[in-house]
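# show me how the following folds:
(2 chains)
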Amino acid sequence: MDFILGHYNYWVVILLMMVGFYIVISRGNLIKKIVGLNIFQASVFILYISLSTVENGTIPIFKEGFEVYSNPLPHVLILTAIVVGVATTALGLALVVRIKEAYGTIEEDEIHEQDHSL
Amino acid sequence: MIDILINVTLLAFLAITAIAIVRMTHLFAIVMLYGIFSFLTAGLFVVMDAADVAFTEAAVGAGISTVLMLATLALSKDHQEKKSRHRPWLPLSLVVVTGAALVYGTMDIPGFGDPAAPSQVHVAPYYIEQSMPDTGVPNMVTAVLASYRGFDTLGEVVVVFTAGIAVLLLIGGRRAKQTDKTQLEKESDDA
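Residues are numbered from 1 along each chain as shown, chains lettered A, B, ... in the order given. Alright, predicted model coming up:
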């Protein structure tokens, strides 16, 4: 039971990661692909924050009377990753808007048909 | 005990939302579910003692990402995902195999919240004990972000600036033709 509760976070993270991966490789709609990429990304964030948690610890803000704090280093990494993630999402969505203007569709199959690339 | 219960419930909600996103074909519903997904993630971060990350996720992840996706949806005017003509078996088996390999990898990870885990005993105690005397900032995350790793944060600003310029180059120049494009551009600048 302890083993299951101690690893439940990691298993749900893997499930979310695989759901995101599945959307990216199996769905042809470009906006849905970007949502899948974001789910994949969020699962990595949850993994890092799970690893930083300490039992009976508190938020890493210094205060008299508290001695056990969560690990602040993964928090810093993920803070940076969230902001960079949104920057890349914005760039991806701008590309989708340009593709829609150039091809008139955001479905991957129809874009390949117009290019005769498949 | 109660935080373990909340943790388990929130993670279950996240899994359900993600699977609902796979099965939906209406793009507006997908984007809204993604907003819910981000807010659930932010709630989970609060339970796991990461307040700063939760703020950022709620403001930037749930707020700006969702607004950007809605703006793209408004510009592309295509709200229904078309049925895929490919069989799902190849991607599904690839995902299952990768997932199984990753689950095998978790067997060696120390349990959730273990205070003796390698990540808690290596350099982390230095920052927890010394950040207050070193920098005078009570919030350890801010101390590392803005003081110890200040140049990293400067690099992050460069990344966001580059992305902003790239978005402007992609959809900026031809504003005169379609006025509703200015809206998306403004939001990308904020990100």
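# all contacts plus neighbour counts: C-alpha atoms, from now on.
Noted.
# enumerate every residue touching the residue nearest to the spatial centre of chain A.
Central residue of chain A (C-alpha atoms, centre = their mean): A:Gln41, 1.5 Å from the mean position. Neighbouring residues of A:Gln41 by C-alpha atoms under 8 Å, 6 or more residues apart in numbering or on different chains: A:17, A:85.
# can I get the helix or strand encompassing it in PDB, CA atoms only?
Here A:Gln41, judged by DSSP states H and E, is contained in helix A:30-52. What follows is helix A:30-52, C-alpha atoms only, in PDB (Å, rounded to 0.1, in the frame of the first residue of the first chain):
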ATOM      1  CA  LEU A  30      -2.900  21.400 -35.500                       C
ATOM      2  CA  ILE A  31      -4.600  23.200 -32.600                       C
ATOM      3  CA  LYS A  32      -5.300  19.800 -30.900                       C
ATOM      4  CA  LYS A  33      -1.700  18.800 -31.400                       C
ATOM      5  CA  ILE A  34      -0.600  22.000 -29.500                       C
ATOM      6  CA  VAL A  35      -3.000  21.100 -26.700                       C
ATOM      7  CA  GLY A  36      -1.400  17.600 -26.600                       C
ATOM      8  CA  LEU A  37       2.000  19.100 -26.400                       C
ATOM      9  CA  ASN A  38       0.900  21.300 -23.500                       C
ATOM     10  CA  ILE A  39      -0.500  18.300 -21.600                       C
ATOM     11  CA  PHE A  40       2.900  16.500 -22.200                       C
ATOM     12  CA  GLN A  41       4.700  19.500 -20.800                       C
ATOM     13  CA  ALA A  42       2.400  19.900 -17.800                       C
ATOM     14  CA  SER A  43       3.000  16.200 -16.900                       C
ATOM     15  CA  VAL A  44       6.800  17.000 -16.700                       C
ATOM     16  CA  PHE A  45       6.100  19.900 -14.400                       C
ATOM     17  CA  ILE A  46       4.000  17.700 -12.100                       C
ATOM     18  CA  LEU A  47       6.800  15.100 -12.000                       C
ATOM     19  CA  TYR A  48       9.400  17.700 -10.900                       C
ATOM     20  CA  ILE A  49       7.200  19.200  -8.200                       C
ATOM     21  CA  SER A  50       6.300  15.700  -7.000                       C
ATOM     22  CA  LEU A  51      10.100  15.000  -6.500                       C
ATOM     23  CA  SER A  52      10.500  18.200  -4.600                       C
END
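# quick one: low-confidence parts of chain B?
Scanning chain B for pLDDT under 70 picks out the ranges B:173-191.
# please work out the average pLDDT along the helix holding A:Gln41.
Helix A:30-52 carries an average pLDDT of 93.
# for whichever helix or strand comes after it, packing partners?
Once the chain leaves helix A:30-52, the next helix or strand it forms, by DSSP H and E, is helix A:72-103. Packing partners of helix A:72-103 (3 or more C-alpha pairs under 8 Å, 6 or more residues apart in numbering or on different chains; DSSP states H and E): helix A:30-52, helix B:51-56, helix B:65-76, helix B:124-135, helix B:140-143, helix B:150-171.
# rebuild those as CSV, extending it with distance to A:His75.
Below are the helices and strands packed on helix A:72-103 laid out as CSV (distance: least, C-alpha to C-alpha, whole Å):
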stretch, distance to A:His75
helix A:30-52, 7
helix B:51-56, 6
helix B:65-76, 20
helix B:124-135, 12
helix B:140-143, 7
helix B:150-171, 13
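# most tightly packed of those?
Ranked by mean neighbour count under mean count of other C-alpha atoms under 10 Å in any protein chain shown, the helices and strands packed on helix A:72-103 are led by helix B:140-143, which reaches a mean of 24.
# quick one: contacts of that one?
Contacts of helix B:140-143 (C-alpha under 8 Å, 6+ apart): A:60-62, A:72-73, A:75-76, B:52, B:127-128, B:131-132, B:135, B:137.
# which among those gets closest to B:Phe161?
Nearest to B:Phe161, judged by C-alpha to C-alpha, of these is A:Val76 at 19.9 Å.
# shaky segments in chain A?
A:117-118.
# on that earlier part again, dump the contacts of helix B:140-143 to CSV, plus distance to A:Lys33.
Formatted as CSV, the contacts of helix B:140-143 follow (distance: C-alpha to C-alpha, whole Å):
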residue, distance to A:Lys33
A:Pro60, 35
A:Ile61, 38
A:Phe62, 41
A:Pro72, 32
A:Leu73, 31
A:His75, 27
A:Val76, 27
B:Asp52, 28
B:Tyr127, 39
B:Ile128, 40
B:Ser131, 41
B:Met132, 44
B:Thr135, 43
B:Val137, 41
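# return the member of those nearest to A:Ile14.
When the contacts of helix B:140-143 are compared against A:Ile14 (criterion: C-alpha to C-alpha), the nearest one is A:His75, at 19.8 Å.
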